[in-house]
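> fold the following, please.
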Amino acid sequence: MRRAKAGTRQSQVITELRSRVMHGTFKAGEKYSEAALADELGVSRTPVRHALTVLVEEGLLTRVGARGYAVRVYRVKDVLEAIDLRGLLEGYAARRIAAAGPSAELVAAFEECLAEGDAIFAKRAFEDSDEARYADMNRRFHGLIIEAGDGALSLQMETLIDRVPFGAPDAIAFDHMAEQQKFDMLHYAHRQHHGIVEAICQRDSARAEALLREHTTPVKQSLGLSAPVGGRAGDGPAAGRSLPFVDMDMPADALTAPDGALVDAAGPDKPTARKKAMI
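Have a look, this model is predicted:
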């Protein structure tokens, strides 16, 4: 990996490893180690260790043994519900902030995030570490909403992120989407950031909540689970892609074992077949 500032390098490692899960480079059932990944990426173990921890918290990986990691598997329904629930939680938080009126400190923090995003998209195309910079900014932006909205919501969001992939606001993936499509989609999401902040500052609680719920659309589009603007479901840029961590045939009562294997809720002696989902 090319040289970069510590914070940016960390985000790049997270993005790279998340991408490997999404592309199927990390195979279900195989074990991956911190040391081997650090050597492969040409970085120290510290950013790899943190990145693996982040992906475990996002629900994309599970720990295997003392130092191993494996891909987790979920139903499509689980992923969609996690994305929608995140929109509900953040929408509720935004409603509370708007109703009470944001503090000057919160507005300043929002404006800092917006300015950073504006600088990225002013270039009309991603350069070098722009995607990692956007991910950092996006995580801060959504963190501000949850933290300012209600302390209890932070705990609920942590639980959501720990259980199902894409519960986290920065857990967005684009597979082999064209660079311009990726840029346009994130630019649209950032314009939504502006609308959200405007609604909060105007104390329009209903609009702030509605915009946050709608803000989950780019995540679904990146996964091919939502129609693009003016299109139909299944026509998105990622339509027809295979999501390695999604199992279309997993029964409702199936669980993911700690080692990443699937077992039936009736007991660990009844293995459940795994099949990649075509979405």
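
> where does the chain dip in pLDDT?
1-7, 151-177, 223-279 (pLDDT under 70).

> where exactly do the helices run in it?
Using DSSP state H, the helices of the chain run over residues 6-23, 34-41, 45-58, 76-100, 104-121, 130-149, 151-163, 179-201, 205-214, 217-222.

> distance to Gly65 and mean neighbour count for those - can I get that in TSV?
(Glycine included, C-beta is placed from N, CA and C.) Converted to TSV, the helices of the chain look like this (distance: least, C-beta to C-beta, whole Å; neighbours: other C-beta atoms under 10 Å):
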stretch	distance to Gly65	mean neighbour count
helix 6-23	18	20
helix 34-41	12	15
helix 45-58	13	19
helix 76-100	25	20
helix 104-121	39	16
helix 130-149	29	20
helix 151-163	20	15
helix 179-201	35	18
helix 205-214	39	20
helix 217-222	31	23
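
> can I get these in CSV with distance to Ala70?
Written out in CSV, the entries for the helices of the chain read as follows (distance: least, C-beta to C-beta, whole Å):
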stretch, distance to Ala70
helix 6-23, 10
helix 34-41, 13
helix 45-58, 10
helix 76-100, 17
helix 104-121, 34
helix 130-149, 24
helix 151-163, 16
helix 179-201, 28
helix 205-214, 33
helix 217-222, 23
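
> quick one: which of the ones you listed is nearest Ala66?
Among these, the nearest to Ala66 by C-beta to C-beta is helix 34-41 (10.4 Å).

> put the alpha carbons of the closest one into PDB.
Extracted in PDB, the C-alpha atoms of helix 34-41 (Å, rounded to 0.1, in the frame of the first residue of the first chain):
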ATOM      1  CA  GLU A  34      -3.600 -10.900  11.200                       C
ATOM      2  CA  ALA A  35       0.100 -11.600  10.600                       C
ATOM      3  CA  ALA A  36      -0.400 -13.000   7.000                       C
ATOM      4  CA  LEU A  37      -2.600 -10.100   6.000                       C
ATOM      5  CA  ALA A  38      -0.200  -7.500   7.400                       C
ATOM      6  CA  ASP A  39       2.700  -9.100   5.300                       C
ATOM      7  CA  GLU A  40       0.500  -9.200   2.200                       C
ATOM      8  CA  LEU A  41      -0.600  -5.500   2.600                       C
END
